[in-house]
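Student: here is my input; please provide its structure:
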Amino acid sequence: MACFLAPLALAAVVTALQRTFRSASERLMLWVLSTMLWGGSILLVLEHVWHGEVVPWPPFLTAMQSPSDIPVVLNEVLTVGMSMNAAVTLTWLGVLWFSRSRYGGLAYLKLGTLRKG
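Tutor: Numbering: from 1, shown residues only. Reported below is the predicted structural model:
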């Protein structure tokens, strides 16, 4: 239904933070989190379009044909979407932890190459 809205919103927030705080975003490898969120969100949107759950006319979500369906959509966004956000964020934290523990100090992954900073 609309579970892709939560990762899409988090991807926009992370991208804004990444562009605002450049030095901190490099240290925290926010580009990895941003890439995972944008990629997953785009794939989810495509999957929902493929299965006919998202349509090009209002209200755009087939699950929300009437105002009484809004709680159902919000419930899915808050349960499934936020669970996906938590899973992606925990995976990013694992990547961050692994890169720092394996390579010591501040290690950044730059487009497939390792650089110590």
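
Student: mind listing the strands for the protein?
Tutor: Remark: strands assigned in the chain by DSSP state E are 107-110, 113-116.

Student: which residues of the chain score low on pLDDT?
Tutor: By pLDDT under 70, the weakly predicted segments of the chain are 104-117.

Student: of all residues in it, which one is nearest the centre?
Tutor: The residue at the geometric middle of the chain, judged as the C-alpha nearest the mean C-alpha position with Cα atoms, centre = their mean, is residue 37 (2.4 Å).

Student: please name the nearest non-neighbouring residue to that residue.
Tutor: Once flanking residues are discounted, residue 37 sits nearest to residue 11: 3.6 Å by Cβ to Cβ, 6 or more residues apart in numbering. Every residue, glycine included, has its C-beta placed from N, CA and C.

Student: mind listing what's buried along stretch 44-52?
Tutor: Along stretch 44-52, these residues count as buried under the neighbour rule (16 or more other Cβ atoms under 10 Å): 44, 45, 48.

Student: would you agree the residue nearest to residue 37 is in contact with residue 31?
Tutor: No: judged on Cβ atoms under 8 Å, residue 11 makes no contact with residue 31 at a distance of 11.7 Å.

Student: which one's more surrounded, these two?
Tutor: residue 11 (22 against 17; other Cβ atoms under 10 Å).
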